[in-house]
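[1] need the 3D shape of this:
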Amino acid sequence: MDDKRLDLADQFLRRFAAAVRSAQLYSARHPIIARNIEALAAAVDVLHASQPAITVGIIGSEVVVGDVPVGKAESLGNVMQRLQGAGIERIVIERGVDADELTSLVHTLASLDTHKTADGTTPDFPALPHIRVGRIQLEQRVEGSLADMATIRRLYADAVSVAGIIWESATTEDQPDADAARAMIDGLAHAVAQNRTALVALTALKEYDNYTFTHMVNVSILTMGQARGLGIDGPLLREFGLAALMHDIGKVRTPAEILNKSEKLTDPEFAIMKRHPVDGAEMLRETPEITALAPIVAFEHHLRIDGSGYPGGIGRPSLNLCTMLCSIADVYDAMRSQRRYQQAFPTERILEVLKRNDGLQFDQHLVRRFVQLIGIYPAGNLVRLDTGEVAVVVKTYAPDPYRPQVRVLFDRGGRRLDISYDLNLWEAAGGAAHPASVIGPLDPADYAIDPLALI
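    Reported below is the predicted structural model:
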């Protein structure tokens, strides 16, 4: 943790608490209150010099300023208790805030006891152009055990729904809803850390109402899954997930007739489509509460490490790590998705694309790690084994992607087993009597089963 950032966050909290406490103790026009608000404004200006918005999150007894955990934040004292008592878990102060808005915030917070609602919800606040107050709703969608596939399904479905909200806000307001995105990513990041296999398996769903929204969520999950495998966790993992979620947001400025065209784009149409990385980066740079990583990934996600891709004429000695993970996830999800103008490609074909041009377009170390995460036959896939049995892939096996852990459902004669059983193909001896590898994927619709419900 950067000590300077921690000191600035702590200083901001101390001045914030002092301003609220003085407003509790003195009359509204007392000069002490004015001095404390002036000091608070100075601390706000310092933080705004490096970020477009200051987000104070209260989670239990912990306080986070932006992505800087400040611990127990004893400096807030009873102010923190009053905030929690009123149901306030999140305060966002955007760049452009003035002294009058800060004064209104301080006096409203100082009188929370009189504003507290009977049902414990967040009290009404005056409308302030650059300040928002409310609940953080951290992981609100993760209700139930993350070992339960039904819970993971609900989380995924909610995430796709929120992706639609984010897309709509970007379309109508030219800024994606950052609050909705952060709340959604919090839940997905937690699930990636707790049950990555099940969540990644859900990204393989072929039936969906809107490819754009599912693609946003899938790329975010697959990027975080890769990042988690590299040891990335905590706030940085969420930054990766948010950046990947927003990678294609610039397409809201692409004409619908081009974006939704079922035939191959003409050269002039493709030239328009290729503007979306620049459009996305510009939009994200202007969106409060979006970290600097998101516009970088939006701009770079179609660039390749050999200098090819677009936008054209961009010289980059290297690409951001998140960009490289997002690009792999983007290509993988786009190619394996069934759309009206494209048949889904099998994983082996997709991996050939990721390794093309002698591996100069994508970092081959990261591609290998991706194969270890996904496998040739990802978790949730229905497959036929080399001896004829039908099984669902439960877990990939990194050293040999052709020999995952499977749950056998049908015998080699095609009869559904009364009791399924698990088999580690990498441990199997092989031979005519013992399956030892997967020979190909199957369509679950032909067997009238939902393989995701069985893993």
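
[2] quick one: the strands in this protein, in order.
    Assigned by DSSP state E, the chain shows strands spanning 53-59, 62-65, 68-69, 90-94, 131-134, 382-385, 390-395, 405-410, 416-424, 438-441.

[3] so which of those comes closest to residue 363?
    strand 390-395 (25.1 Å; Cβ to Cβ). Bear in mind the C-beta positions are built from the backbone N, C-alpha and C, glycine included.

[4] give me whichever of the strands of the chain is most buried.
    Looking across the strands of the chain with neighbours counted as mean count of other Cβ atoms under 10 Å, the highest average goes to strand 390-395: a mean of 24.

[5] what about the helices in the stretch 151-300 of the chain?
    Listed in chain order, the helices of the stretch 151-300 of the chain (DSSP state H, counting those that start in this stretch) span 178-202, 211-229, 234-245, 256-259, 267-273, 276-285, 293-300.

[6] for residue 126, the count of nearby residues, please.
    11 (other Cβ atoms under 10 Å).

[7] what does residue 446 give?
    Using other Cβ under 10 Å, residue 446 is surrounded by 9 other residues.

[8] tell me the pLDDT at it?
    Residue 446 is assigned 85 on the pLDDT scale.

[9] again, but for residue 208
    54.

[10] repeat for residue 361
    Value for residue 361, per-residue pLDDT: 87.

[11] change the start of the numbering to 410 and stick with it
    Will do, 410 is the new start, and the previous item becomes residue 770.

[12] how about it, nearest residue that isn't a chain neighbour?
    Spatial nearest neighbour of residue 770, chain neighbours left out: residue 713 (4.0 Å); criterion: Cβ to Cβ, 6 or more residues apart in numbering.

[13] do you know how far that neighbour is from residue 739?
    12 Å (Cβ to Cβ, to the nearest Å).

[14] how about the helices of the stretch 560-709 of the chain in JSON lines, adding distance to residue 765, mean pLDDT and mean neighbour count?
    Below are these laid out as JSON lines (distance: least, Cβ to Cβ, whole Å; pLDDT from 0 to 100; neighbours: other Cβ atoms under 10 Å):
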{"stretch": "helix 587-611", "distance to residue 765": "24", "mean pLDDT": "86", "mean neighbour count": "22"}
{"stretch": "helix 620-638", "distance to residue 765": "19", "mean pLDDT": "92", "mean neighbour count": "24"}
{"stretch": "helix 643-654", "distance to residue 765": "22", "mean pLDDT": "94", "mean neighbour count": "24"}
{"stretch": "helix 665-668", "distance to residue 765": "26", "mean pLDDT": "90", "mean neighbour count": "12"}
{"stretch": "helix 676-682", "distance to residue 765": "20", "mean pLDDT": "95", "mean neighbour count": "12"}
{"stretch": "helix 685-694", "distance to residue 765": "21", "mean pLDDT": "97", "mean neighbour count": "21"}
{"stretch": "helix 702-709", "distance to residue 765": "19", "mean pLDDT": "96", "mean neighbour count": "24"}
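
[15] please name whichever of those helices is nearest to residue 432.
    The minimum distance between residue 432 and the helices of the stretch 560-709 of the chain falls on helix 587-611, with 26.5 Å, by Cβ to Cβ.

[16] who are the packing partners of the closest one?
    helix 558-582, helix 620-638, helix 643-654, helix 773-783 (3 or more Cβ pairs under 8 Å, 6 or more residues apart in numbering; DSSP states H and E).

[17] what's the angle from it to helix 643-654?
    90 degrees (axes from the mean of the first three to the mean of the last three Cα atoms, to 10 degrees).

[18] now for the chain, the helix or strand with the poorest mean pLDDT.
    helix 521-524 (a mean of 55; mean pLDDT, DSSP states H and E).

[19] so for residue 728, which of the helices and strands packed on helix 587-611 sits nearest?
    Minimum separation from residue 728 across those (Cβ to Cβ) falls at helix 773-783, 10.6 Å.

[20] what comes up buried for the closest one?
    775, 776, 778, 779, 780, 782, 783 (16 or more other Cβ atoms under 10 Å).

[21] surely residue 852 touches residue 793?
    No. Checked against Cβ atoms under 8 Å, the pair residue 852 and residue 793 is beyond contact range at 11.0 Å.

[22] per-residue pLDDT of the closest residue to residue 794 other than its chain neighbours, please?
    Spatially, and ignoring its direct neighbours in sequence, residue 794 is nearest to residue 844 (3.8 Å; Cβ to Cβ, 6+ apart). Note for residue 844: predicted pLDDT of 84.

[23] count the neighbours of residue 844 for me.
    Neighbour tally, residue 844, other Cβ under 10 Å: 24.

[24] which ones are touching it?
    Residues in contact with residue 844 (Cβ atoms under 8 Å, 6 or more residues apart in numbering) are 794, 795, 796, 798, 817, 832, 834, 837.

[25] which among the residues you listed gets closest to residue 806?
    The closest of the contacts of residue 844, once distances to residue 806 are taken by Cβ to Cβ, is residue 834, at 7.3 Å.

[26] residues in contact with that closest one?
    Counted by Cβ under 8 Å, 6+ apart, residue 834 has contacts 794, 806, 811, 812, 813, 814, 815, 844, 845, 846, 847.

[27] let's see it at 7 Å
    Taking Cβ atoms under 7 Å, 6 or more residues apart in numbering, we find residue 834 in contact with 812, 813, 815, 844, 845, 846.

[28] tell me which of residue 713 and residue 739 has more neighbours.
    residue 739 (21 against 18).

[29] any idea how far residue 737 is from the residue nearest to that one when sequence neighbours are not counted?
    Excluding the flanking residues, the one nearest residue 739 by Cβ to Cβ, 6+ apart is residue 628, at 5.3 Å. Residue 628 is 10 Å from residue 737, where distance means Cβ to Cβ.
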